[in-house]
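Chemist: here is my input; please provide its structure:
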Amino acid sequence: MVATRTPWWAWTWPVLAWVVLIAAAVLGTGGLFAAPLAFGMNSIALIATVFAAVYHAEVVAHRTGEPFGTLVLALAVTVIETALIVSVMLSAPVESAGLARDTVFAAVMIVCNGIVGACLLAGGARHREQAFQLQGANAALAVLAALTVLTLVLPNVASPGPTFSTPQLAFEAIVSLALYGSFVFVQTVRHRDYFLPVGNGGEEAHASPPSNRTAILSASLLVWALVAVVGLAKALTPTVELGVARAGVPKEVVGIIIAALVLLPEGLAAVKAARADRLQTSLNLALGSSLATIGLTIPAVAALSIALHQPLELGLNAKEQVLLALTLLVSVITLGTGRTSVLQGLVALVIEKHGSDC
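Modeler: Numbers count the residues shown, from 1 in each chain. This next block holds a predicted model:
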């Protein structure tokens, strides 16, 4: 249940995260703020700030109600994730030509398999079976299937390589934005009832919502915390890239790590909601995040690529296309009945494990 007063750690950790970021920027990685110390401080601040972001997201969600609360968190995380990708692309255009594809694909796999699987497993273990709105899940999956195939698979067959031509890229950017905008309209206006909790809505259904002042404060601190999370993730990226290079693993791992770090607040919030028997909230977060990742990131990086004539690779390789197809197929089957158990969660997590190993 959301507290009526903001706990001290919910605002202290984001502030300390910004202190760490400013110290790293001012002192660099030498002297007292050596690389190992910086990595440790950044990691601790990142984890603590993630928990603070989850708390503030729950306050905002409780005040605004479904599906607006989960939409706020999904949009906030995705906008900041997109800004991070764009900043990396600007700093290293050639080396990061496939970063947007790798991060978007990783985000979709992590959300649809990792986060959804963890939610179904945690919720099913505690409540045996859980129900959700079938119409809302079907609507989200239809848009997700169209977006992923059109943006991550079609480039391999519509043009010579894993890239679109400039007219094709512009068209796909417009289509992605239009599809996501249409989904948000359906989710929040036209068919909002498709995304509302089933039954009593879980343990927090009858709790008094926080005041407007508390909700506004939490919304501000949520943005503050999410920006800090992305800043810390970006600060950790050079160390991660160095570790990836020394380990001899594919460079696509960097995109996976970036996606995982940025999605931490949503993942924790979704699992917590599932354990509280609010699976609809979990699915709103997970599927909404996947749609926002593609619907906002692809148009942004496409505009950057066209405007600055930078290379942009979007097409997945054969192995990744198989994993994507399997993910979409299992998602349609899993969310096709309106009820879930631990079995569906285990299947999704197995797919995620194979995807991370490949």
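
Chemist: flag every buried residue along the helix of greatest length in the chain.
Modeler: Secondary structure of the chain read by DSSP state H shows that its longest helix is helix 212-247. Across helix 212-247, burial judged by 16 or more other C-beta atoms under 10 Å covers 214-215, 217-219, 221-237, 239-240, 244. For the C-beta atoms, the positions are set from N, CA and C on the backbone; glycine is no exception.

Chemist: same deal with stretch 250-263?
Modeler: Glu252, Val253, Val254, Gly255, Ile256, Ile257, Ile258, Ala259, Ala260, Leu261, Val262, Leu263.

Chemist: so how far is the longest helix of the chain from its chain's centroid?
Modeler: 12 Å (C-alpha atoms, centre = their mean, to the nearest Å).

Chemist: so for the residue nearest the centre of the chain, what's the pLDDT?
Modeler: Centroid check for the chain by C-alpha atoms, centre = their mean gives Leu263 as the closest residue, at 4.2 Å. At Leu263, the predicted lDDT confidence score is 79.

Chemist: show me where the stretch 251-358 of the chain has strands.
Modeler: 339-340 (DSSP state E, counting those that start in this stretch).

Chemist: below-threshold pLDDT in it: ranges please.
Modeler: 251-252, 254, 355-358 (pLDDT under 70).

Chemist: break down it into its helices, ranges please.
Modeler: With DSSP state H, counting those that start in this stretch as the criterion, the stretch 251-358 of the chain has helices at 252-262, 264-275, 279-308, 318-334, 342-357.

Chemist: looking at the ones you listed, which is closest to Pro209?
Modeler: Between Pro209 and the helices of the stretch 251-358 of the chain, the shortest separation by C-beta to C-beta is 14.5 Å, and it involves helix 279-308.

Chemist: identify each buried residue in that closest one, please.
Modeler: Those would be 279-302, 304-305, for helix 279-308 by 16+ other C-beta under 10 Å.

Chemist: show me what it packs onto, helices and strands only.
Modeler: helix 68-91, helix 99-109, helix 116-127, helix 134-148, helix 166-185, helix 264-275 (3 or more C-beta pairs under 8 Å, 6 or more residues apart in numbering; DSSP states H and E).

Chemist: Val332 is nearest to which of the ones you listed?
Modeler: Taking the helices and strands packed on helix 279-308 one by one with C-beta to C-beta, helix 134-148 is closest: 5.8 Å.

Chemist: mind listing residues that contact that closest one?
Modeler: Contact partners of helix 134-148, identified using C-beta atoms under 8 Å, 6 or more residues apart in numbering, comprise 108, 112, 176, 179-180, 182-183, 186-187, 191, 194-195, 280, 283-284, 287-288, 290-291, 294-295, 298, 324, 328, 331-332, 335-338.

Chemist: ok, the nearest residue to Leu261 once chain neighbours are set aside - contacts?
Modeler: In this structure, Leu261 finds its nearest non-sequential neighbour in Ala233, 4.1 Å apart by C-beta to C-beta, 6 or more residues apart in numbering. By C-beta under 8 Å, 6+ apart, the contact list for Ala233 reads Leu46, Leu84, Ile258, Leu261, Val262.
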